[in-house]
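Asks: heads up, no residue letters with this:
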């Protein structure tokens, strides 16, 4: 009996161990298993109707919205070409049900994507629909990430918006399109692309100002449908004083990295003159001063530096009524933050004035929100989807 009891005790122990472990039902999912969820989101914002309202109705005998939906599904499945998307649409059961057995060829996808539809108008309609939904609407304190991205396109030789540009992240020149874009980053964790423009290189005529104009266009279009008090978080490339003034005039808060040549001022009291004066200083000098305090605070720390000012332009008139641009000192939030050390950018390929302001492993953020330097630092990390030390 003892032997039998011991034997059963062992079996019972094994059984109990199995019962204590979580069990997961094994299911085989076919290609495109998440398409029904994507179709639900598509219907929520009524994007099929938006295609018709924008004049994008039918192509190759298939409704335009269905072509676009099938292509988006392929992109979610990492099908990065028209050929791969055509194959995916033929293999995914849910898409086949939507297509009622029709096949989408590679050429149909290619012609659809290259046809001059009103895609910018469609994008504005899509953004307007997103602002109608409480879960996706941008509200006070949310972030618009402004960026320009170089998308390499080595095989397109005759596309008008392609050109040779230097990619500072890869440290090489690439044949690419330069996409100026805005992206929404909400407090609830939702992120989605907003508006976009292609920057076209035309000679050497003030290309930077053209990109700033594209940014203004997109933000102005957004302002027509949403008046919330939002942050604009941007790369140091967009650090242009006139652009900063424009953002404030449009009721946007802004935060960016300081450049190496950004001229700053500190307000101090001069006992000799018995008054407050403004002393010029550069960002590296400022970072060098606060570096010992940041070392004490440790990695991933931020430090607000008080009484820092920057000169910004404003329009006024002379005594004779002639319009003139003058400069005035405006207080800004200056925040020193640590980051992970990276390979330095070469000054031969990147002009000196475009280099970031750094000292050892610290960089300098600047923002118009003097009253909220911590919020400015958090906003910048959201823009890059990184921690403060990255």
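Replies: That came through, no problem. Keep in mind the model is a prediction, meaning the values are calculated, not measured.

Asks: for the stretch 201-350 of the chain, what spans make up the strands?
Replies: Taking DSSP state E, counting those that start in this stretch as the criterion, the stretch 201-350 of the chain contains strands spanning 230-234, 252-257, 264-270, 275-281, 302-317, 323-338.

Asks: Same list, the ones you listed, but as CSV with distance to residue 380 and mean pLDDT please.
Replies: Glycine gets a C-beta too; all of them are placed from N, C-alpha and C. Below are those laid out as CSV (distance: least, Cβ to Cβ, whole Å; pLDDT from 0 to 100):
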stretch, distance to residue 380, mean pLDDT
strand 230-234, 5, 96
strand 252-257, 5, 96
strand 264-270, 18, 90
strand 275-281, 22, 89
strand 302-317, 10, 92
strand 323-338, 8, 92
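
Asks: any idea which of these is most buried?
Replies: Among the strands of the stretch 201-350 of the chain, the stretch with the highest mean neighbour count (mean count of other Cβ atoms under 10 Å) is strand 230-234, at a mean of 25.

Asks: Report all helices and strands that that strand contacts.
Replies: Contacts defined by 3 or more Cβ pairs under 8 Å, 6 or more residues apart in numbering; DSSP states H and E place strand 230-234 against strand 143-152, strand 252-257, helix 373-384.

Asks: Is it possible to get TSV of the strands of the stretch 201-350 of the chain that adds distance to residue 159?
Replies: TSV is the format used below for the strands of the stretch 201-350 of the chain (distance: least, Cβ to Cβ, whole Å):
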stretch	distance to residue 159
strand 230-234	27
strand 252-257	31
strand 264-270	42
strand 275-281	46
strand 302-317	37
strand 323-338	39
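
Asks: So which of those is nearest residue 72?
Replies: For residue 72, the closest of those is strand 230-234, at 26.7 Å, according to Cβ to Cβ.

Asks: Could I get the contacting residues of the residue positioned nearest the centre of the chain?
Replies: Centroid check for the chain by Cα atoms, centre = their mean gives residue 145 as the closest residue, at 3.9 Å. Shown in contact with residue 145 (Cβ atoms under 8 Å, 6 or more residues apart in numbering): 182-185, 233-234, 382-383.

Asks: a markdown table for those, including distance to residue 331?
Replies: Listed next are those as a markdown table, based on distance: Cβ to Cβ, whole Å:
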| residue | distance to residue 331 |
| --- | --- |
| 182 | 27 |
| 183 | 29 |
| 184 | 29 |
| 185 | 26 |
| 233 | 20 |
| 234 | 20 |
| 382 | 24 |
| 383 | 22 |
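
Asks: Next, count neighbours for the closest residue to residue 70 other than its chain neighbours.
Replies: Counting by Cβ to Cβ, 6 or more residues apart in numbering, residue 70 lies nearest to residue 89, which is 4.6 Å off, once chain neighbours are set aside. A total of 27 residues lie near residue 89 under the criterion other Cβ atoms under 10 Å.

Asks: wait, what's in contact with residue 89?
Replies: By Cβ under 8 Å, 6+ apart, the contact set of residue 89 is 70, 73-74, 95-96, 99, 103-104.

Asks: redo that, cut-off 7 Å
Replies: Counting by Cβ atoms under 7 Å, 6 or more residues apart in numbering, residue 89 makes contact with 70, 74, 95, 104.

Asks: any idea which of the residues you listed is closest to residue 274?
Replies: Using Cβ to Cβ, residue 74 comes nearest to residue 274 of the contacts of residue 89, at 72.1 Å.

Asks: A helix includes the residue nearest to residue 70, no?
Replies: Yes - per DSSP: H, G, I helix; E, B strand; the rest coil, residue 89 lies within a helix segment.

Asks: what's the spacing between it and residue 59?
Replies: 14 Å (Cβ to Cβ, to the nearest Å).

Asks: pretty sure residue 235 contacts residue 180?
Replies: No - the criterion here is Cβ atoms under 7 Å, and residue 235 misses it with residue 180 at 11.0 Å.
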